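Sequence and predicted model, in that order:
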Amino acid sequence: MKHILNVQVQDHSGVLVRVAGLFSRRGYNIDTLTVGATETPGISSMTIVVEGDDRVIEQVTKQLYKIVEVLKIQDVTNDEFVGRELLMLRVQANKEDRLEIMHLCEIFRIKIVDIQRKSFVIEATGTHSKLAAIEEAFRPFGIQEMKRTGLIAMTRGEKLPRKD
């Protein structure tokens, strides 16, 4: 089963290496790992998608807490959450295909963020399955380059007030 872990860490040099190293030393593959800033200066959020049963995730969690900079771990797998990924495609766009590509972008509600003579760069956000569908829809035009982030996830509902 895939688990989605939201891990809050102090924004210090080397934390990412220590977290990733923990998984590799244990022989666990990280499906996706996305890191970014939070609302609190000096704190970063890592969203880690990893395959494993509950026992494996419990062990990983215990090991993560041994890393000094790890502040909080939340397994949101079984919670209600909103999750998104980002996809950017450079699609071949010759004169004959431009209108059809633009129409597909409207259908999928995605943006063209760069237009060149022979290509478009397209930006899309959504679930894993939506992005896979977008990728397949644009493949016949010729995908010249593709970049995709991992999942970021946030639990649904109101955030409780902080107790400082």
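Ah, there it is.

give me the low-pLDDT residue ranges for this structure?
For the chain, applying pLDDT under 70 flags the ranges 159-164.

quick one: strands adjacent to the longest strand along it?
Assignment by DSSP state E gives strand 81-92 as the longest strand of the chain. Sheet pairing here is set by DSSP bridges, and for strand 81-92 it gives strand 119-126 (antiparallel), strand 143-148 (antiparallel), strand 152-155 (antiparallel).

how does this structure divide up, domain by domain?
2-79, 82-152 (automatic domain parsing).

would you list those domains in TSV and tack on distance to Glu158 and mean neighbour count?
Where C-beta positions appear, they are placed from N, C-alpha and C, glycine not excepted. As requested, those are exported to TSV (distance: least, C-beta to C-beta, whole Å; neighbours: other C-beta atoms under 10 Å):
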stretch	distance to Glu158	mean neighbour count
domain 2-79	14	15
domain 82-152	13	15
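
And the next helix or strand past the helix or strand where Gln59 lies?
Per DSSP states H and E, Gln59 falls inside helix 54-65. Heading C-terminal from helix 54-65, the first helix or strand you meet, by DSSP H and E, is strand 70-75.

same for that following strand, what does it pack against?
strand 2-10, helix 54-65 (3 or more C-beta pairs under 8 Å, 6 or more residues apart in numbering; DSSP states H and E).

So which of the ones you listed is nearest Asp97?
Closest to Asp97 of the helices and strands packed on strand 70-75, according to C-beta to C-beta: strand 2-10, at 35.9 Å.
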